[in-house]
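# Sequence first, predicted coordinates after that:
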Amino acid sequence: MKKIAFVMDPLDSLALKKDSTLAMIRACQQRGLEVFYLQQEDMMLWQGVVCGMLSRLRLRDDFCAGLDHTIAGDNWYRLDAAQRTPLADMDIIMMRKDPPFDMEYIYSTYLLERAEEQGVLVVNKPQSLRDCNEKFFATAFPECGPQLVVSRRADVLKAFHAEHGNVVFKKLDGMGGASIFRIMQNDPNLSVVIETLTEGGASQIMGQVYLPEIADGDKRILLIDGEPVPWALARIPSAGETRGNLAAGGRGEGRELTARDRWIAEQVGPELKRRGLIFVGIDVIGDYLTEINVTCPTCIRELDAQFSADIAGNLMDVILSKTP
């Protein structure tokens, strides 16, 4: 029996009706894998061996069957006592810890890389998690994206705003729509927004031309080993908002991929595959690629529900095909 470990957030913090990692765990159970659970804090280097405090995890059968029930407390899973176990005992490790992408996250990739060196398949590849900042990585495909600037200099950022008049400024390490500002022409808050986001010129940020197509949704397109799932989840901003993120109150609407969506996926997919980024979510507004999410992509459950799909099952089949 193959063994798979999920590095993830506390189980009782998960959104039971939409968490994508739970869909992956269900797919593993359906395929007869032995599933283990740990958090970032549970990984360690112990006497020269990279280990984790691993607990065997099993979703309750009726919850696993639907994954959309509201069950109080911890009744929806069974978790055995944790035991210190070499990570090399696993066949697969899924890094499913939500951002923030901070130094602790980077240290986790160092530990996971040691397990990878011993033959464990880590998804996504630890080096690529470090290398591929979710906002900056999108700039590797300029033919797909909007006009933008990355700088920590106020004069450069102000010049970009002066040229385009209607722009969005955001932190390079932001998540869930946090710290995203739309600055229009003659906006008196321009200077303070730049000062705040750059921390007084200490941190690089990104400026992008505002894309009015955001009103029709910020599309999340999932790619498995470089190949796009046939549907996108358009995250439509709520009234008075410019952010479509579900965490910022956006509404999710499933759509078939357009020809442009598929073209963008074709440009990005081969590089994702080359880098060992097996499960990725790209964000597209209108005709433009805006982000490449590699740390903990979501939206599986929403797309499954709207299209009667099994995205997590397809993902796990691909992952299993890469193991001996």
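That came in fine, so what should we check first?

# Tell me how many other residues surround residue 65.
Other residues near residue 65 come to 12 when the count uses other CB atoms under 10 Å. For the C-beta atoms, the positions are set from N, CA and C on the backbone; glycine is no exception.

# list the contacts for it?
With contact set as CB atoms under 8 Å, 6 or more residues apart in numbering, residue 65 has no partners.

# Which of the three states applies to it?
helix (DSSP: H, G, I helix; E, B strand; the rest coil).

# Would you mind measuring from it to residue 80?
Using CB to CB, to the nearest Å, one obtains 22 Å as the distance from residue 65 to residue 80.

# Please apply the same query to residue 115.
Relative to residue 80, residue 115 is positioned 21 Å away (CB to CB).

# for residue 213, same thing?
Look at residue 213 and residue 80: by CB to CB, they are 49 Å apart.

# Likewise for residue 220?
The span separating residue 220 from residue 80 equals 34 Å under the rule CB to CB.

# Please state the offset of the helix or strand of the chain with the lowest mean pLDDT from the chain centre?
Sorted by mean pLDDT, DSSP states H and E, the helices and strands of the chain end with helix 61-66, the least confident at a mean of 80. Once both centres are worked out by CA atoms, centre = their mean, to the nearest Å, helix 61-66 turns out to sit 25 Å from its chain's centre.

# Show me the strands in the stretch 101-250 of the chain, by range?
121-123, 148-151, 167-171, 180-183, 205-209, 218-224, 227-236 (DSSP state E, counting those that start in this stretch).

# Give the bridge partners for the nearest residue to residue 121 once chain neighbours are set aside, please.
Nearest residue to residue 121, sequence neighbours excluded (CB to CB, 6 or more residues apart in numbering): residue 92, at 4.9 Å. When bridges are assigned using DSSP bridges, the partners listed for residue 92 are residue 4, residue 121.

# Is it possible to get TSV of the strands of the stretch 101-250 of the chain that adds mean pLDDT?
Below are the strands of the stretch 101-250 of the chain laid out as TSV (pLDDT from 0 to 100):
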stretch	mean pLDDT
strand 121-123	98
strand 148-151	98
strand 167-171	97
strand 180-183	96
strand 205-209	98
strand 218-224	97
strand 227-236	97
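
# Could I get the buried residue list for stretch 180-190?
Within stretch 180-190, the residues that qualify as buried by neighbour count (16 or more other CB atoms under 10 Å) are 180, 181, 182, 183, 190.

# Next, the distance between the ends of it.
Using CA to CA, to the nearest Å, the end-to-end distance of stretch 180-190 comes out at 13 Å.

# now do stretch 37-44
Distance across stretch 37-44, first residue to last, is 15 Å (CA to CA).

# In it, which residues are buried?
Neighbour counts using 16+ other CB under 10 Å place 37, 38, 39, 40, 42, 43 of stretch 37-44 among the buried residues.

# Let's have the residues you listed in TSV, adding secondary structure and pLDDT.
Formatted as TSV, the entries for the buried residues of stretch 37-44 read as follows, by DSSP: H, G, I helix; E, B strand; the rest coil; pLDDT from 0 to 100:
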residue	secondary structure	pLDDT
37	strand	98
38	strand	98
39	coil	98
40	helix	97
42	helix	98
43	strand	98
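
# Could you export those to JSON lines, including columns for distance to residue 274?
As requested, these are arranged in JSON lines below (distance: CB to CB, whole Å):
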{"residue": "37", "distance to residue 274": "30"}
{"residue": "38", "distance to residue 274": "29"}
{"residue": "39", "distance to residue 274": "30"}
{"residue": "40", "distance to residue 274": "27"}
{"residue": "42", "distance to residue 274": "31"}
{"residue": "43", "distance to residue 274": "27"}
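
# Could you report the separation of residue 262 from residue 144?
When CB to CB is the yardstick, residue 262 and residue 144 sit 12 Å from each other.

# The two: who's more crowded?
More neighbours sit around residue 144 than around the other of residue 262 and residue 144, counting by other CB under 10 Å; the figures are 22 against 13.

# how close does the more buried one get to residue 234?
As it turns out, when the distance is counted by CB to CB, residue 144 lies 18 Å from residue 234.

# try residue 82
When CB to CB is the yardstick, residue 82 and residue 234 sit 40 Å from each other.

# between those two, which one's more packed in?
When residue 82 and residue 234 are compared for neighbours, residue 234 comes out ahead with 19 against 16, by other CB under 10 Å.

# Setting the sequence-adjacent residues aside, check what's closest to the more buried one.
Beyond its immediate neighbours in the sequence, the residue positioned closest to residue 234 (CB to CB, 6+ apart) is residue 217, lying 2.9 Å away.

# Report the contact partners of that neighbour.
Listed by CB under 8 Å, 6+ apart, the contact set of residue 217 reads 234, 235, 236, 244, 253, 255, 285.

# Could you identify the buried members of those residues?
234, 235, 236, 244, 255, 285.

# mind listing the helices in the stretch 51-200 of the chain by residue range?
Shown for the stretch 51-200 of the chain, the helices assigned by DSSP state H, counting those that start in this stretch span residues 61-66, 103-117, 126-131, 154-164, 190-197.
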